[in-house]
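Participant: got a predicted structure here, sequence first:
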4 protein chains.
Amino acid sequence: MPILQDVLEEITDAMRRAEDRGRVADYIPQLAGVDPARFGIAVVTGDGAMHCAGDAEETFSIQSISKVFTLTMALGRIGDGLWRRVGREPSGNAFNSIVQLEREDGIPRNPFINAGAIVVTDVVLSGHEPREAIGAILHFLRFLAEDDSIIIDKAVARSETLTGYRNVALANYMKSFGNLNHEPERTLGVYFHQCAIAMSCRQLALAGRFLATGGRNPGTGFRVVSPERAKRINAVMLTCGHYDGSGDFAYHVGIPAKSGVGGGILGVVPGKASIAVWSPGLNAVGNSQLGALAMERLTRAMGWSVFGP
Amino acid sequence: MPILQDVLEEITDAMRRAEDRGRVADYIPQLAGVDPARFGIAVVTGDGAMHCAGDAEETFSIQSISKVFTLTMALGRIGDGLWRRVGREPSGNAFNSIVQLEREDGIPRNPFINAGAIVVTDVVLSGHEPREAIGAILHFLRFLAEDDSIIIDKAVARSETLTGYRNVALANYMKSFGNLNHEPERTLGVYFHQCAIAMSCRQLALAGRFLATGGRNPGTGFRVVSPERAKRINAVMLTCGHYDGSGDFAYHVGIPAKSGVGGGILGVVPGKASIAVWSPGLNAVGNSQLGALAMERLTRAMGWSVFGP
Amino acid sequence: MPILQDVLEEITDAMRRAEDRGRVADYIPQLAGVDPARFGIAVVTGDGAMHCAGDAEETFSIQSISKVFTLTMALGRIGDGLWRRVGREPSGNAFNSIVQLEREDGIPRNPFINAGAIVVTDVVLSGHEPREAIGAILHFLRFLAEDDSIIIDKAVARSETLTGYRNVALANYMKSFGNLNHEPERTLGVYFHQCAIAMSCRQLALAGRFLATGGRNPGTGFRVVSPERAKRINAVMLTCGHYDGSGDFAYHVGIPAKSGVGGGILGVVPGKASIAVWSPGLNAVGNSQLGALAMERLTRAMGWSVFGP
Amino acid sequence: MPILQDVLEEITDAMRRAEDRGRVADYIPQLAGVDPARFGIAVVTGDGAMHCAGDAEETFSIQSISKVFTLTMALGRIGDGLWRRVGREPSGNAFNSIVQLEREDGIPRNPFINAGAIVVTDVVLSGHEPREAIGAILHFLRFLAEDDSIIIDKAVARSETLTGYRNVALANYMKSFGNLNHEPERTLGVYFHQCAIAMSCRQLALAGRFLATGGRNPGTGFRVVSPERAKRINAVMLTCGHYDGSGDFAYHVGIPAKSGVGGGILGVVPGKASIAVWSPGLNAVGNSQLGALAMERLTRAMGWSVFGP
């Protein structure tokens, strides 16, 4: 078995030199301004050891990676009742598609496309003011990462709110089918803020740890979710975590993972490691181009696929 | 760890008593006539030990499970070039949907929906007469299962040929986009015969063994595929193996698997076991209802999910 | 040729006795409360003669019939430039479908489905405050009908604003494609008010007169649109005026017409007559059930189809 | 009113000089080889007078224009029962789309898209051998045009049979839904031959005459269909006769018409004239580019729109 730190350094070197870095998301100015040359990676293993390379301490917008954590919270709130309002099947469509909603009466295909994540957020919001729900999500991430310095990037949140017409369309569309309990602008207020959370690879790898360790945070010993639920969240990540590139990611990388348009990817090697990688440039289906490549190299070097020895 | 044989016996007992057994496929008379009370299960573990329960020696029509083996053959023929003619993403549609083909110019989403499997068969047919290609597929299965008694059920093959209008539509549709190299009826001749192969759970578990053991058949020591390719086929099985119920199967069972409308399911526990189960009744999305339930119980009892300890 | 007034009386009698009256629209309380037994019809012929029967003087919510008049206004503003922002083809989908918008990059298929009508309203709004645009639309209808008593039903407008989630979705969706010049809530403010205009059959028949007379209002002699434009608006009404029942209406009735979910239909017999009918119950595709039947009887009795002698 | 013959000569001159002539259909060699410079036009008026210009005596492949005549025959066979097997609504899709069939359980949207025309042919075939049905269609056209020299272009028919994979797909797809009474290859045998009928503009204008004259052939005085049915066929032509360009054709030309990929268009001016035009180059949606333009000029010059004076 190669030495993990060496592998991370080699990958970081290779990624630094890569020429085709994909395209940085430009739908809001705050994301468009990020330096495409950035690359960071962090791995925390089952024994709690942390390994970092590149810009692993620099924060970026986690965007859709937040959906893993709100899914965890929503399942904690209402358990399998969640699946009456959102499906668990890969979408076969772009992340912000509205077509499937019409065909399936306002029930999103899975919790990781935008429509599904908005429903999940609507569950998290129940019984709270939007401000409280945003606070609860932020608190959950700080708790998981054992790091109170994690914050929301207010400029990003504001920008999403001002330009998020398509998400407004999705939320109102589901509301018209009765699949949103709050007024769309309240649920979206929470959603836009959760997407604007800024974290470093180090923080993100720590926050995802419980999914690799059967639901328990090794640092604190605290049980976040049951082993059964950890496995199931991993299953949803593997089948749906990369939008319409999920099959491709499973084929090449072979671990449960969730990407965000900020260029981050959170990966889980059950029983072994939690991985966070960041490279801002995206590929054609909206996932971090070098991030996916780095994940592929890392899992191959370490023999970390869930699909075989 | 519980004793595997005991687990299989308990599951078989429970499944024998189950009242809601789903609906036996009725699109051809030969399948409609199968006794819905049948239930068999077989597991071969990494050390080569075989465990069976119920009707594990009785043969049934493997139908779409054959797609795993023709995919293996096609990758052996043209390698990753296959992915220029068929995708690797879950479909988000029924197994015999034609909509996606129109939207994506005749390129099926994955090799396990019917359209994709027909393209895979078209690759296997290259350079051969249909009769030879059928022979090669049968030979491959006999070789993998180390059992020369495996045969094609001619009555099933004939019946599929006479009534397979939708598959004729799919093949001709792809031909109109230039994504079939042979005349549709030639490729379909092979396809209908591969679906009509009859195997028992014992034979099927043996045939799938190489996917659990890094590509090498432990019995003969023969390398069927590279470890890398075995992992990748497993990845496609996990994301696409149960049509529009793949996400659900991953969530509840958590292993790569492929179902067929004959009521069989082949499952792979990487590094540990190959599993075959058979119960003829199907659920709403066309997968064996009790077969999936039996798989869920088995993997839970044995701690065999790929998604966590 | 039968005597028109006799025909109208006979039709009104028959419709009064009809048992299957369709279902009154219930998406807002103000519409749901309308008495389904109401039936009115009014015809103004080329010579300016007005014939009425039934509840022809009672006002109802014109809803989507308003789209004919805003289309006329928008064409007056920017002419054929309008067709860069909205198509002219029948939709093959329900009136409030969002699917087509995704497939065609935010360009609605025609100006009579909701999405298209919202774009048309966005054009009418240009250079004005919403309040002014609403006033201009109301003024145009009063001018055409020569009747200053026409008003907007404020309760209907308020109700549409509070519950129009799907229209909010459509507007925001088009905004995300750049096909809306104003903020969605401003354009929708005008749209919800134009739909809430209340008119009687008599008023509506008068307002539609210019489309039957080559663009000139015979009463005032004022040219509303050119003969060419009148014909073209009629063409759009015939191919797209009844949502996904336009082909059926053309087949059975055979004249350009536009329906609204308030139960009204405005029909045009080029060169001969303008017809308004009202019966609140709708058929499965959202058009007035008895209204369409009455139109069919009337055009057949008078020999008024555009499709033959 | 201008003199018709002068108008036809002027239009022919202008079309002869046109530079952008569209693209000749190339899906079979026999069509691809046609000279794009050809242009012919023929008009037969209500009094039986025939006016021709350009290549009006030269024959071309009528292709989908044949669907008007088989629709007439099928309605003669089973009347309105036909509408249980095919719809009457514009499709909102390309002429050979298969998507709509899946969504609507094998019922084509209208008789003028390929799928619908195949169902219509299936009705015409009932009780006959394919050879007889082909003979009956040919006989009907000879009778209508009073011209026994009309023949089927065998090379075109053969070529369609060899390469018509998409039509084979459509027919088998509908068969799988039970909406075809004969084996697909038998129905398609008739369909491919009807499309291969070769006619001149003069012959075609004569054959379409009955639709302009209330169903009676003025030449022979023979009643082909009732006035009611003539109007209804005209209605289907207007709403569905130009595939996904039907709305556009109605807007610009304003008369019922049916196009074919051979470059022909048959137009009907109810009560006044039957028009046939031919120019082989097609526009983006598959209709004759100069044919549509010539129709627009002609109807405008003669004041022949159904939509207004």
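Facilitator: Received, thanks.

Participant: longest single helix anywhere in chain A?
Facilitator: Within chain A, and with DSSP state H defining each element, the longest helix by residue count is helix A:130-145.

Participant: just checking, what packs against that one?
Facilitator: Packing partners of helix A:130-145 (3 or more C-beta pairs under 8 Å, 6 or more residues apart in numbering or on different chains; DSSP states H and E): helix A:66-78, helix A:114-125, strand A:151-152, helix A:184-195, strand A:197-199, helix A:201-208. C-beta here means a position set from N, CA and C on the backbone, and glycine is covered the same way.

Participant: for those, which one sits closest to chain D?
Facilitator: Proximity to chain D, assessed across the helices and strands packed on helix A:130-145 by C-beta to the nearest C-beta, is greatest for helix A:114-125 (20.6 Å).

Participant: now do the closest one against helix A:184-195, angle only.
Facilitator: For helix A:114-125 and helix A:184-195, the angle between their directions (axes from the mean of the first three to the mean of the last three C-alpha atoms, to 10 degrees) works out to 100 degrees.

Participant: which ones are touching the residue nearest to A:A198 when sequence neighbours are not counted?
Facilitator: Distances taken as C-beta to C-beta, 6 or more residues apart in numbering or on different chains put A:T59 closest to A:A198, at 4.1 Å, once the chain neighbours are dropped. By C-beta atoms under 8 Å, 6 or more residues apart in numbering or on different chains, the contact list for A:T59 reads A:A198, A:M199, A:S200, A:Q203.

Participant: which of those residues are buried, as a PyMOL select command?
Facilitator: What follows is the PyMOL syntax selecting those of the contacts of A:T59 that are buried according to 16 or more other C-beta atoms under 10 Å in any protein chain shown:
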select buried, chain A and resi 198+199+200+203
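
Participant: between the contacts of A:T59, which sits nearest chain C?
Facilitator: A:A198 (24.7 Å).

Participant: contacts only, for the residue nearest in space to the middle of chain A.
Facilitator: Centroid-nearest residue in chain A: A:I65, 1.5 Å away (criterion: C-alpha atoms, centre = their mean). Contact analysis of A:I65 by C-beta under 8 Å, 6+ apart lists A:L204, A:K258, A:S259, A:G260, A:G262, A:G264, A:I265, A:L266.

Participant: let's see which of these end up in helices.
Facilitator: When DSSP H is applied, those are split such that A:L204 fall in helices.

Participant: redo the contacts of A:I65 as JSON lines? Include distance to chain B, neighbour count and pLDDT.
Facilitator: Output for these, formatted as JSON lines (distance: C-beta to the nearest C-beta, whole Å; neighbours: other C-beta atoms under 10 Å in any protein chain shown; pLDDT from 0 to 100):
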{"residue": "A:L204", "distance to chain B": "19", "neighbour count": "33", "pLDDT": "98"}
{"residue": "A:K258", "distance to chain B": "14", "neighbour count": "29", "pLDDT": "98"}
{"residue": "A:S259", "distance to chain B": "15", "neighbour count": "32", "pLDDT": "97"}
{"residue": "A:G260", "distance to chain B": "19", "neighbour count": "27", "pLDDT": "96"}
{"residue": "A:G262", "distance to chain B": "23", "neighbour count": "28", "pLDDT": "96"}
{"residue": "A:G264", "distance to chain B": "21", "neighbour count": "26", "pLDDT": "98"}
{"residue": "A:I265", "distance to chain B": "17", "neighbour count": "28", "pLDDT": "98"}
{"residue": "A:L266", "distance to chain B": "15", "neighbour count": "28", "pLDDT": "98"}
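
Participant: interface residues of the stretch 101-250 of chain A facing chain B?
Facilitator: A:109-110, A:211-212, A:214, A:227, A:230-232, A:234-236, A:238-240, A:244-248, A:250 (C-beta under 8 Å from any C-beta of the partner chain).

Participant: so which of those residues belong to strands?
Facilitator: With strands identified by DSSP state E, none of the entries of those belong to them.

Participant: just the buried subset of those, please.
Facilitator: If you count burial by 16+ other C-beta under 10 Å, the buried members of those come out as A:109-110, A:211-212, A:214, A:227, A:230-232, A:234-236, A:238-240, A:244-248, A:250.

Participant: what's in contact with the longest helix of chain A?
Facilitator: Against helix A:130-145 from outside (C-beta under 8 Å, 6+ apart): A:66, A:69-70, A:72-73, A:121, A:124-125, A:128, A:148, A:150-152, A:186, A:189-190, A:193-194, A:197, A:199, A:203-204, A:206-210, A:217, A:224.

Participant: repeat that with 6 Å
Facilitator: Outside of helix A:130-145, the residues that reach it under the criterion C-beta atoms under 6 Å, 6 or more residues apart in numbering or on different chains are A:V124, A:L125, A:D148, A:I150, A:R186, A:G189, A:V190, A:H193, A:Q194, A:Q203, A:L206, A:A207.

Participant: relative to helix A:114-125, how tilted is that helix?
Facilitator: Relative orientation of helix A:130-145 with respect to helix A:114-125: 100 degrees, computed using the same axes, to 10 degrees.

Participant: distance between helix A:130-145 and the chain's centre?
Facilitator: Remark: helix A:130-145 is offset 15 Å from the chain centroid, using C-alpha atoms, centre = their mean, to the nearest Å.

Participant: lowest-confidence helix or strand of chain A?
Facilitator: Within chain A, judged by mean pLDDT, DSSP states H and E, the helix or strand with the poorest mean is helix A:99-103; its value is a mean of 75.

Participant: dump the C-alpha coordinates for it into PDB.
Facilitator: Listed next in PDB are the C-alpha coordinates belonging to helix A:99-103 (Å, rounded to 0.1, in the frame of the first residue of the first chain):
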ATOM      1  CA  VAL A  99     -39.400  18.300 -16.900                       C
ATOM      2  CA  GLN A 100     -39.400  15.300 -14.500                       C
ATOM      3  CA  LEU A 101     -41.400  17.300 -12.000                       C
ATOM      4  CA  GLU A 102     -44.300  17.700 -14.400                       C
ATOM      5  CA  ARG A 103     -44.200  14.000 -15.400                       C
END
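
Participant: so which elements touch it?
Facilitator: Taking 3 or more C-beta pairs under 6 Å, 6 or more residues apart in numbering or on different chains; DSSP states H and E as contact, the helices and strands that helix A:99-103 lies on are helix C:99-103.

Participant: name the residues that touch the helix it packs on?
Facilitator: With contacts defined as C-beta under 6 Å, 6+ apart, helix C:99-103 is touched by A:I98, A:V99, A:E102, C:N93, C:R109, C:A115, C:Y173.
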